[in-house]
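Participant: Predicted model and sequence below, questions to follow.
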Amino acid sequence: MIVMMAGLPGSGKSTLARALARRFSAIVLDKDLIRAHLFPAELIEYSTRQDDFVVEVMLNTTEYVLRKNANALVILDGRTFSRRSQVNRVIARAKKMGTSWRIVECVCPEKTALNRLKSDVRGRRHVAKNRGVELYREVKSRWEEIRRPKLVVDTSSRLESCVQTMEEYLRLKKQTGRSKSATTQAAVSEEVRPEIVMPARRLTGQA
Ligand SMILES: Nc1ncnc2c1ncn2[C@@H]1O[C@H](COP(=O)(O)OP(=O)(O)OP(=O)(O)O)[C@@H](O)[C@H]1O
Ligand SMILES: [Mg+2]
C-alpha cells in the first residue's frame, strides 16, 4: 500500500509518518531527504521540476519495494500534494503497480504551523533551506483541495492520538507470533475503502 502524506509545510507530515513507521516498520520516503542525498547542495533548486524528478525516484523505489514485498507499507512524505495533479500521478502509478493507496492530510491552525516553522528554522532542524513562513504562505495560496477519499488529521492534538487515528484508518495490525521480526510487520487489508474520518467532514469514494 502507498500512503501519501499531504499538508502544508509545518503541518506535521514527517513527524506523523515517522511515528507510524516506528510502530509498523513502514518505509518512509521523504522527498526532502532524498533530494539532499541525490544532489550536492549547489545543485538543489527548490523547483517543481526537480521535485517531480525526486518524486519519480520515490515512485520507482516504491515499485521496487512492493515487488519484493507486496505487503509493504510505503509512505510518501515531503511533498505537500498541494496540486491535484501530484495526487493523480501517484494514483496512476499505484494502479499500474497493482497496489492500493491512501491519503492522509495533516492540518493544524496557521498559528501552530508558523510557530513550528520558525522554531525549526531557529533550531536548523529541517534539511530544506527554503522552508519557512514564506513557503508556507506560497503553498497555501495555491492549495487545491484534495477531493479524493482521505483521512484528515489535526496534528495540533497529541502525536500519540494522531498515530492511533492513522493506524485505525489504515487498519494496521501489529503482527505477533512466529514472524522473524516479532511484532512490527505492517499488515494491510486491501479491501478497505478510504474515507474521511474527521467527524464533521465525512466522505466516501473509490480507491
Ligand atoms: N503532533 C505534533 N505535536 C507536537 N509537535 C509537532 C506535531 N507534529 C509536528 N510537530 C512539530 O512541528 C514541526 C514541523 O513538523 P514536521 O516537520 O513533521 O512538518 P512537515 O509537515 O513534515 O513539514 P514540511 O512539509 O516542511 O517537511 C516539527 O518540529 C515537529 O516536531
Ligand atoms: Mg516534512
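Facilitator: Thanks, I have the structure now. Ligands and ions are numbered 1, 2, ... in the order given.
Participant: rest of the way, CA atoms for contacts and neighbours
Facilitator: Fine.
Participant: where does this protein dip in pLDDT?
Facilitator: 175-207 (pLDDT under 70).
Participant: ok, which stretches of it are strands?
Facilitator: Secondary structure of the chain (DSSP state E): strands at 2-6, 27-30, 74-77, 101-107, 151-154, 173-174, 186-187.
Participant: Just the CA trace of the longest one, in PDB.
Facilitator: Okay, so that is strand 101-107. Provided in PDB are the C-alpha atoms of strand 101-107 (Å, rounded to 0.1, in the frame of the first residue of the first chain):
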ATOM      1  CA  TRP A 101      -3.300   4.000  -2.000                       C
ATOM      2  CA  ARG A 102      -4.500   6.200   0.800                       C
ATOM      3  CA  ILE A 103      -4.200   9.900   1.500                       C
ATOM      4  CA  VAL A 104      -3.500  11.300   5.000                       C
ATOM      5  CA  GLU A 105      -3.900  15.100   5.100                       C
ATOM      6  CA  CYS A 106      -2.300  16.800   8.000                       C
ATOM      7  CA  VAL A 107      -3.800  20.100   9.200                       C
END
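Participant: That one and ligand 1 in contact?
Facilitator: No. Among the residues of strand 101-107, none lie within reach of ligand 1 under C-alpha under 6 Å from any ligand atom; the closest is 7.2 Å away.
Participant: near ligand 1, which residues of the protein?
Facilitator: Contact residues, the chain versus ligand 1 (C-alpha under 6 Å from any ligand atom): 8-15, 78, 116, 120, 131, 155-159.
Participant: for the protein, what's the longest helix?
Facilitator: Secondary structure of the chain per DSSP state H: the longest helix is helix 48-68.
Participant: among the strands of the chain, which is nearest Gln86?
Facilitator: strand 2-6 (10.1 Å; C-alpha to C-alpha).
Participant: contacting residues around that closest one?
Facilitator: Outside strand 2-6, the residues within contact range by C-alpha atoms under 8 Å, 6 or more residues apart in numbering are 13-14, 17, 62, 73-82, 87, 94, 99-106.
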